[in-house]
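1. This is the structure alone, sequence omitted:
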């Protein structure tokens, strides 16, 4: 049944259903709230007394009293003893709320951006189930400020997983849960500075967001790469106090650091009596064979290992982890206490459950085959449409490195691709020291369905060709 | 039906139920996983071939093949073409996992610690529902790295809520979502340092975790209080570049800053052309009348407002917010980018839904009356058991300030209380400049059920008496 609520010339209908899942009180609340928000009932407008409305709706008066009290608490109604209830003069109406300027996003038709996983594959149902489990089992005390460095249940799950999947050698206590790689890198860098480090050797080209490292007080010492990974002879010359590396799948070149090179790097760490920060960002995705173990497994006391849930699941979670040698653990934990009091305990427990239940392994296995299929589709499309291109770094990860001829201008290609709605990156964007070389494109395939791949690559080919012809016409 | 899986002398049973909710494959997986984890099936042990097991269980072979593949992916099994499947040599067994040393926690019988909300009242069901809504409606793109400074949906909900509940004047864009007050305070302090601030005036006694402010590069200028809040004459003399205040409910004294004092503080901000950091940590809980609006509402362009979900819901969430004047917004956002890429987007969306659905107001209304009842029970118990005590700061918040006689030794009382399993804090713990004065206890009542209050206070009274007698006997 429904009744009219009149306010001056306006009138709205309130309809309640006794069968409905939602209780009667909330039904009344939400309809009045909506009417006020939308301005159908305007500020100051009188509304029926609780007795009046209860009678008309045929519900018990306390239900209406409670609904009105709730709306008053929310600032929608003004209730005064003996006076007619009114919409409060300061009631939040849609009009009153400050409009948010929409951020202008360039329309992307084909998304080849590297290092972003397939967001459409985020296991929403599994994550919700894990959250339900967490909320059902966490003790009240665990809703307070427990260990800011991470919940024991997640540290244990990670110690077990990293041990078996990545060969990481650690006790659960050595794990520090962070709000993602960004924070982990910042904490590690600050801890090294606190221990007197001044120069950090980094891969060039490399993951190019250096601001946190510089802000932490470290100078950058760029070290070149070859097909085996970071060049240790160049590292020797860099006179650095520590080094940041991505051995499993170097970003952006996609090189997997060779065994010999890893041994040489460990030798350097021992000789310098220093540590490496190992960014293991997408090591779960290795396609040709079992993933190479982490560098950390070779020299646990000289490596700060960084992992993240961003590639395994989605960046949305903001959960990452550091595995820290005991001699640096206090320093890293001290830096974390200066940053914040840690990551949502509910999501930490949920993530722990994803591991414990085997859901994480199941998800990773599913994603590994999905990504392999997309990688293969990209390789086929490139072979067909860009036979002249040399494709590298495809053994693992979420992107391929496509080397074109030395005559091509990668920035011109980037621009032309943008114009055509193709999002991608180029090697030049990730160089510390500018260096001439063949034009090189970074194509992330994680979010590109096989069906679209051929069309996308054909569009990319056209972009490359028109960039070439523009260049030619400039010369001519 | 069930079959024996034999491994040397050991044997385990695998039972599968075709009726069960869980699919057949996962049933087989989980039982094998359990047997391996618990060591019933030890590393290297042979297990039946997929054909063999499928026949015995009477299920189709692909089911077993898939189950084995999953377990192999998890590192439990070794599968080799033509060879008998085995438990992998490196299978993660319970024994192999590093044991976590249990943290020794002092046994607390009566918890009077201030500034912690009632964790037992966390609305688990409502939070789960909000999370379900968030996961059901977030677009895939929103699972990536959206705006690191906060999701628009939460900023809008907060702008609306803070405007109506706290009188905060802001656009949604001025809100920066943080991982809680700890990070918010650090970002604000760093932004002020970046703008040249050197000395920060702080309330003494005050919220005593100063390390982040000092680490940010600010010197502390302690300013005394009286019954109207921070003394502005003392502030004048402190020659500070900015000030940190808790006007709604000063911690630890519980003083609510008077209107005159607020006006005087705004006068100082204008004269100095500087800003205040307003910590509005538990302002939702005002018992005698409608909460006093935030200081920010008096001078929006000269106040960085800090709020948190820790007291509203529970510290477990690690979500807080800053409302930043436009002229400081870029500086604060820049500091955040150096810290991390923001807070879990799923929890941000869930929190936004808590506000939009009215669940947050409903929860706060429930908690306000629950806390008021506990506060009243504490006051009754104190009146009966400690009539000599003067109780202050009870108009708002989650704790009462209990002033004893000048002869009492608050540290001795703290120690004696600890011995009796009573957790509380004393004023001396929060003084920057040591100062003689009446012994003062801080009693948080948020987590103390009314039924327990009398017993707890009686125990506290005994602690105080025995501390007095010990002191007396030392003198005599």
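-> In hand now; what should we look at? Only a predicted model underlies this, so the values are computations on that prediction, with no experimental measurement involved.

2. Those residues of the stretch 301-450 of chain A touching chain B, which are they?
-> A:314-319, A:337-347, A:358, A:361-362, A:364-365 (CB under 8 Å from any CB of the partner chain). Placement of C-beta: from N, CA and C, glycine included.

3. quick one: which of these sit in strands?
-> When those are checked against strands (DSSP state E), there are no matches.

4. Does residue A:360 touch residue A:350 like I think?
-> No. Taking CB atoms under 8 Å as the definition, residue A:360 is not a contact partner of residue A:350, at 11.0 Å.

5. which ones are touching the residue lying closest to residue A:246 once chain neighbours are set aside?
-> Leaving out its chain neighbours, the residue that sits closest to residue A:246 by CB to CB, 6 or more residues apart in numbering or on different chains is residue A:279, at 4.6 Å. Listed by CB atoms under 8 Å, 6 or more residues apart in numbering or on different chains, the contact partners of residue A:279 are A:181, A:185, A:207, A:244, A:245, A:246, A:251, A:306.

6. change it to 7 Å
-> Residue A:279 is in contact with A:181, A:207, A:244, A:246, A:306, counting by CB atoms under 7 Å, 6 or more residues apart in numbering or on different chains.

7. Using pLDDT, spot the least trustworthy of the residues you listed.
-> Ranked by pLDDT, those bottom out at residue A:207, which has 85.

8. Name the nearest residue to that one, sequence neighbours excluded.
-> Distances taken as CB to CB, 6+ apart place residue A:251 nearest to residue A:207, at 4.7 Å, with adjacent residues excluded.

9. Give me the number of neighbouring residues for the nearest residue to residue A:345 once chain neighbours are set aside.
-> With sequence-adjacent residues excluded and distances taken as CB to CB, 6+ apart, residue A:345 is closest to residue B:316, at 4.3 Å. The number of residues packed around residue B:316, counting by other CB atoms under 10 Å in any protein chain shown, is 26.

10. Please tell me I have it right and residue B:316 contacts residue A:347.
-> No. Using CB atoms under 7 Å, residue B:316 is not in contact with residue A:347; the gap is 9.6 Å.

11. Give me the pLDDT value at the residue nearest to residue A:345.
-> For residue B:316, pLDDT reads 89.

12. Over to the one 5 residues further on?
-> Among the per-residue scores, residue B:321 holds a pLDDT of 98.

13. for the one 5 residues further on, same thing?
-> For residue B:326, the model assigns a pLDDT of 97.

14. Pull the contacting residues for the closest residue to it other than its chain neighbours.
-> On the basis of CB to CB, 6+ apart, the spatially nearest residue to residue B:326 that is not a chain neighbour turns out to be residue B:174, at 6.6 Å. The contact partners of residue B:174, by CB under 7 Å, 6+ apart, come to B:323, B:324, B:326, B:329.

15. again with residue A:66
-> With CB under 7 Å, 6+ apart as the criterion, the residues that contact residue A:66 are residue A:25.

16. a helix runs through it, doesn't it?
-> Yes. Per DSSP: H, G, I helix; E, B strand; the rest coil, residue A:66 lies within a helix segment.

17. And what about residue A:244, helix, strand or coil?
-> For residue A:244, the reduced secondary structure class is strand; criterion used: three-state DSSP.

18. That one: what's it in contact with?
-> The contact partners of residue A:244, taken as CB under 7 Å, 6+ apart, are A:200, A:202, A:277, A:279.

19. ok, and the closest non-adjacent residue to it?
-> residue A:277 (4.5 Å).

20. That neighbour in helix, strand or coil?
-> Using three-state DSSP as the criterion, the local structure at residue A:277 reads strand.

21. Please pick the buried ones from the residues of the stretch 301-450 of chain A next to chain B.
-> Neighbour-count burial (16 or more other CB atoms under 10 Å in any protein chain shown) is assigned, among these, to A:314-319, A:337-347, A:358, A:361-362, A:364-365.

22. quick one: which of those sit in helices?
-> Cross-referencing those against helices under DSSP state H gives A:337, A:338, A:339, A:345, A:346, A:347, A:361, A:362, A:364, A:365.

23. contacting residues around the first one?
-> The contact partners of residue A:337, by CB under 7 Å, 6+ apart, come to residue A:148.

24. which residue is nearest the middle of chain A?
-> Note on chain A: the residue nearest the mean C-alpha position is residue A:315, at 1.4 Å, using CA atoms, centre = their mean.

25. Report whether the expected contact of it with residue B:148 is present.
-> No. With contacts counted by CB under 7 Å, residue A:315 stays clear of residue B:148, the gap being 10.3 Å.

26. related to what we said a few turns ago, output the contacts of residue A:279 as JSON lines; include the columns distance to residue B:453.
-> JSON lines is the format used below for the contacts of residue A:279 (distance: CB to CB, whole Å):
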{"residue": "A:181", "distance to residue B:453": "47"}
{"residue": "A:207", "distance to residue B:453": "56"}
{"residue": "A:244", "distance to residue B:453": "55"}
{"residue": "A:246", "distance to residue B:453": "57"}
{"residue": "A:306", "distance to residue B:453": "48"}
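
27. mind listing the strands for the stretch 101-250 of chain A?
-> Under the criterion DSSP state E, counting those that start in this stretch, strands of the stretch 101-250 of chain A are mapped to A:110-111, A:175-178, A:199-203, A:219-223, A:225-226, A:229-230, A:242-245.

28. Nearest approach to residue B:156 belongs to which of the ones you listed?
-> Residue B:156 sits nearest to strand A:110-111 of all the strands of the stretch 101-250 of chain A, at 27.3 Å, using CB to CB.

29. And chain B, is that closest one touching that?
-> No. Strand A:110-111 lies out of reach of chain B by CB under 7 Å from any CB of the partner chain, never closer than 9.9 Å.

30. quick one: strands adjacent to that strand?
-> Strand A:110-111 has the following sheet partners, assigned by DSSP bridges: strand A:422-423 (parallel).

31. Can you work out which other helices and strands pack against the next helix or strand after the partner strand?
-> Secondary structure here is assigned by DSSP states H and E; on that basis, the next helix or strand after strand A:422-423 toward the C-terminus is strand A:425-426. Packing partners of strand A:425-426 (3 or more CB pairs under 7 Å, 6 or more residues apart in numbering or on different chains; DSSP states H and E): helix A:410-419, strand A:440-444.

32. Centre of the chain to stretch A:121-133, how far?
-> 16 Å (CA atoms, centre = their mean, to the nearest Å).

33. which of the residues in that stretch are buried?
-> Going through stretch A:121-133 with 16+ other CB under 10 Å, the ones that come out buried are A:121, A:122, A:123, A:124, A:126, A:127, A:128, A:129, A:130, A:131, A:132, A:133.

34. can you tell me how far the residue nearest to residue A:228 when sequence neighbours are not counted sits from residue A:331?
-> On the basis of CB to CB, 6+ apart, the spatially nearest residue to residue A:228 that is not a chain neighbour turns out to be residue A:258, at 4.0 Å. When distance is defined by CB to CB, to the nearest Å, residue A:258 is 31 Å away from residue A:331.

35. and what of residue A:472?
-> From residue A:472 to residue A:331 the distance is 57 Å (CB to CB).

36. Residue A:109: how many residues sit nearby?
-> Other residues within reach of residue A:109, judged by other CB under 10 Å, total 12.
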